[in-house]
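**Q** sequence plus predicted model, see below.
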Amino acid sequence: MSIKPNFTTMTATELRAYVLAHRGEEEALHAYLDKLHAENRGSQIYNPDDNVADAIAEYLKNKK
């Protein structure tokens, strides 16, 4: 019987490797996806048709 690792202390790279090695463990996959989401929380993907002028203005205002 093996001891389950603490997914919250693992880096995204470590979690990715673990998920690839243990493809059946849904808890590990969810922890990995949660970590990726948390790391990319500040990023936003825009469509080519989106008007991003407000987002650019907000970014520049916060950059100061």
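**A** It's in.
**Q** show me the helices in this protein, by range?
**A** Under the criterion DSSP state H, the chain contains helices at 12-21, 26-39, 53-63.
**Q** low-confidence stretches in the protein?
**A** Residues of the chain that meet the criterion pLDDT under 70 lie in 1, 41-48, 64.
**Q** can we see that at 80?
**A** Low-confidence segments of the chain (pLDDT under 80): 1-2, 39-52, 54-56, 58-59, 62-64.
**Q** hang on, the earlier thing: closest to Lys4 out of the helices of the chain?
**A** Closest to Lys4 of those, according to CB to CB: helix 26-39, at 8.0 Å. To be clear about C-beta, it is placed using only N, CA and C from the backbone, and glycine gets the same treatment.
**Q** show me what the closest one is packed against.
**A** When contacts are defined as 3 or more CB pairs under 8 Å, 6 or more residues apart in numbering; DSSP states H and E, helix 26-39 packs onto helix 12-21.
**Q** ok, back up a step: save the helices of the chain as a markdown table, and put in distance to Asn6 too.
**A** Listed next are the helices of the chain as a markdown table, based on distance: least, CB to CB, whole Å:
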| stretch | distance to Asn6 |
| --- | --- |
| helix 12-21 | 11 |
| helix 26-39 | 10 |
| helix 53-63 | 34 |
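**Q** spatially central residue for the protein, please.
**A** Among the residues of the chain, Leu36 comes closest to the average C-alpha position under CA atoms, centre = their mean, at 1.4 Å.
**Q** excluding chain neighbours, what is closest to that one?
**A** Leaving aside its sequence neighbours, Leu36 sits nearest to Ala12 (CB to CB, 6 or more residues apart in numbering; 6.1 Å).
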